[in-house]
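>>> sharing a model prediction with you, sequence too.
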Amino acid sequence: MYCCSGFMPLGSTHDRITLWTAPGITLAAGVLGNSTTVALAVGSAYLFSGLMFSGDLDTCSRQYQRWLFLRWIWLPYRKWMRHRSFWSHGPIVGTAVRVLYLSLWAGGAGLLGAWLGSRLG
């Protein structure tokens, strides 16, 4: 399903916040963890999650488009979530809802894989 021809005017705000805060997060992780490895792991995870899991997954956003051939998994989420609602844009609640939503897909795929593995093995 093709989604859109343009982006919301303020859709890049989430990306800018992620990109501008990533160096500080990475530095803090390195100082607190006393490790370059920890700093790089936390910084990478922060960048990935910030660029892929923003509150704008409920619209035809850059974040939604980044999912490429897997973007279809976000279609039910887009249908159920009202844009900029507490459930999609709440700093803690919105993030928790997206993590739970993706966990349901990952868990379902894992169960399907385990079932297929038991049938084939």
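Alright, I've got the coordinates.
>>> just give the nearest non-adjacent residue to the residue most central in space within the chain, would you?
The chain has Phe53 as the residue nearest its centroid, 1.8 Å off, counting by CA atoms, centre = their mean. Computed as CB to CB, 6 or more residues apart in numbering, the closest residue to Phe53 that is not its neighbour in sequence is Arg98, at 5.4 Å. Every residue, glycine included, has its C-beta placed from N, CA and C.
>>> where does pLDDT dip in this structure?
Scanning the chain for pLDDT under 70 picks out 1-11.
>>> if you count neighbours, what's buried in the longest helix seen in the chain?
The single longest helix within the chain, with elements called by DSSP state H, is helix 93-120. Within helix 93-120, the residues scored as buried using 16 or more other CB atoms under 10 Å are Gly94, Thr95, Val97, Arg98, Tyr101, Leu102.
>>> before we move on, what about stretch 20-38?
Buried residues in stretch 20-38, counting neighbours by 16+ other CB under 10 Å, are found at Ala22, Ile25, Thr26, Ala29, Gly30.
>>> out of those, which is nearest to Ser118?
Ser118 has its nearest neighbour among the buried residues of stretch 20-38 in Ala29, at 40.0 Å by CB to CB.
>>> touching, that closest one and Ser44? I think so.
No. Counting by CB atoms under 8 Å, Ala29 does not reach Ser44; the two are 10.2 Å apart.
>>> number of residues surrounding Trp72?
Neighbour count for Trp72, taken as other CB atoms under 10 Å: 9.
>>> again, but for Met81
The number of residues near Met81, taken as other CB under 10 Å, comes to 21.
>>> cool, and Cys60?
Counted with other CB under 10 Å, Cys60 comes out at 19.
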